[in-house]
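**Q** Curious how this folds, go ahead:
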Amino acid sequence: MSQITHQADPVKRARLRWRARRGLLENDLIITRFLDGHEETLSDEEVDAFSMLMELPDNDLLNLLLARNEPEGEVDLPHVRALLARMRAV
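**A** Modelled structure (predicted):
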C-alpha cells in the first residue's frame, strides 16, 4: 500500500492551511501569500520543512521569514533553508 502524498490528499492540504494560521498578523500575511501562490506545487519535502517551521513560536518564525535570523538547531536543515528562501522571495 503506497502512502498518499500531500498534494494528492485534499485533507492533508486543508490541514496544512489550518496549521499555517498564526497569532501574529505579519506571519499570517506572509504565509498566506506564500501558500496562495505555491501550495499546489510544494513537494513532500517542502511540506515537511513547512511543518517544522509552523512548530516555531510566532516571533522566532517572523524573524526567520524577515531574514533577521537564520535557522538554528533542529530546523537548521537544507530543505528548511531552501523553503525559507522561497518564502522570503514572496
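
**Q** Contacts only, for the most centrally placed residue in the chain.
**A** By C-alpha atoms, centre = their mean, the chain has its centre lying nearest to Phe50, at 2.7 Å. By C-beta atoms under 8 Å, 6 or more residues apart in numbering, Phe50 lies in contact with Leu16, Ala20, Leu42, Leu83. The way it works is simple: take the backbone N, C-alpha and C, and place the C-beta from them, glycine included.

**Q** Mind checking which of the residues you listed are in helices?
**A** Leu16, Leu83 (DSSP state H).

**Q** Highest neighbour count among the contacts of Phe50?
**A** The residue in the contacts of Phe50 with the most neighbours, by other C-beta atoms under 10 Å, is Leu83 (24 neighbours).

**Q** Can you pull out the low-pLDDT segments for this structure?
**A** By pLDDT under 70, the weakly predicted segments of the chain are 1-8.

**Q** Now do the helices in it.
**A** Using DSSP H, helices in the chain cover 10-19, 25-38, 44-54, 58-65, 78-88.

**Q** pretty sure Met52 contacts Arg81?
**A** No - counting by C-beta atoms under 8 Å, Met52 stays clear of Arg81, with 11.2 Å between them.

**Q** tell me the contacts of Glu46?
**A** Per C-beta under 8 Å, 6+ apart, neighbours of Glu46: His79, Ala82, Leu83, Arg86.

**Q** Now, of these, which are buried?
**A** Leu83, Arg86 (16 or more other C-beta atoms under 10 Å).

**Q** As CSV, the contacts of Glu46 with distance to Glu26 would be great.
**A** Shown next, in CSV, are the contacts of Glu46 (distance: C-beta to C-beta, whole Å):
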residue, distance to Glu26
His79, 24
Ala82, 22
Leu83, 18
Arg86, 18
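
**Q** between the contacts of Glu46, which is nearest Pro57?
**A** Distance to Pro57 across the contacts of Glu46 (C-beta to C-beta) is lowest for Leu83, with 18.0 Å.

**Q** before we move on, back to that, ok, so of the contacts of Glu46, who is nearest Asp58?
**A** For the contacts of Glu46, the nearest to Asp58 is Leu83 (17.7 Å; C-beta to C-beta).
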